[in-house]
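>>> Give me the fold of what follows.
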Amino acid sequence: MSGYGQRRRSQAERDAITVEIGYALFSAAFAAAVLFGAAAGPALLFELPPTVEKLSLRTGLALAPLVFLVRVVSVLVRFRRDAQPSQPGRTSPDS
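Next up, the predicted model:
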C-alpha cells in the first residue's frame with residue numbers, strides 16, 4: 001500500500017511525531033496567551049481611554065493567533081528537518 005519511496009514508520013517514530021505535535025500546540029498556546037496578556041492585559045485590568053482600550057484588545061486579538069500559527073509551523077518544520085538525514089542511508093552529513 002505504500003507508494004514509491006515511502007516506508008512504514010516504526011512505533012517510536014510515530015510516538016516522536018505525536019509528542020512533537022503536542023509540544024508544538026502546547027508551546028504555541030502558551031506563547032499566544034502570554035502575548036495576548038501582555039497586549040490586552042492592561043486594557044482588561046485598568047481604566048484606560050476607550051481608544052487605547054480598543055486598540056490594545058484588537059492588537060492582542062490580532063497577534064495571538066498569528067504567534068500561535070508561527071510557533072506551530074516553526075516547531076514542526078524544525079522537527080522535520082532534524083528528523084531526516086541529509087543523505088539517505090546516512091546518519092549525519094559527515095559519515
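>>> Only C-alpha atoms from now on, for both contacts and neighbour counts.
Fine.
>>> In stretch 12-26, which residues are buried?
Neighbour counts over stretch 12-26 (16 or more other Cα atoms under 10 Å) mark 17, 20-21, 24-25 as buried.
>>> What helix or strand is Ser56 located in?
Applying DSSP states H and E as the criterion places Ser56 in helix 50-83.
>>> Remind me what that helix packs against, helices and strands.
helix 11-45 (3 or more Cα pairs under 8 Å, 6 or more residues apart in numbering; DSSP states H and E).
>>> nearest to Ala64, of the buried residues of stretch 12-26?
Leu25 (13.2 Å; Cα to Cα).
>>> what sits against that closest one?
Contacts here follow Cα atoms under 8 Å, 6 or more residues apart in numbering; on that basis Leu25 touches Val72.
>>> Retrieve the pLDDT associated with the residue sitting furthest away from the middle of the chain.
What lies farthest from the middle of the chain is Pro49; by Cα atoms, centre = their mean that is 34.2 Å. Pro49 carries a pLDDT value of 94.
>>> Is Arg9 in a helix, a strand, or coil?
The three-state label given to Arg9 by DSSP: H, G, I helix; E, B strand; the rest coil is coil.
>>> what's the answer for Leu48, then?
coil.
>>> burial measure for it, as a count.
13 (other Cα atoms under 10 Å).
>>> next one: phi and psi at it?
Dihedral pair for Leu48: phi -120, psi 160, per degrees, to the nearest 10.
>>> Kind regards, and thank you for your time.
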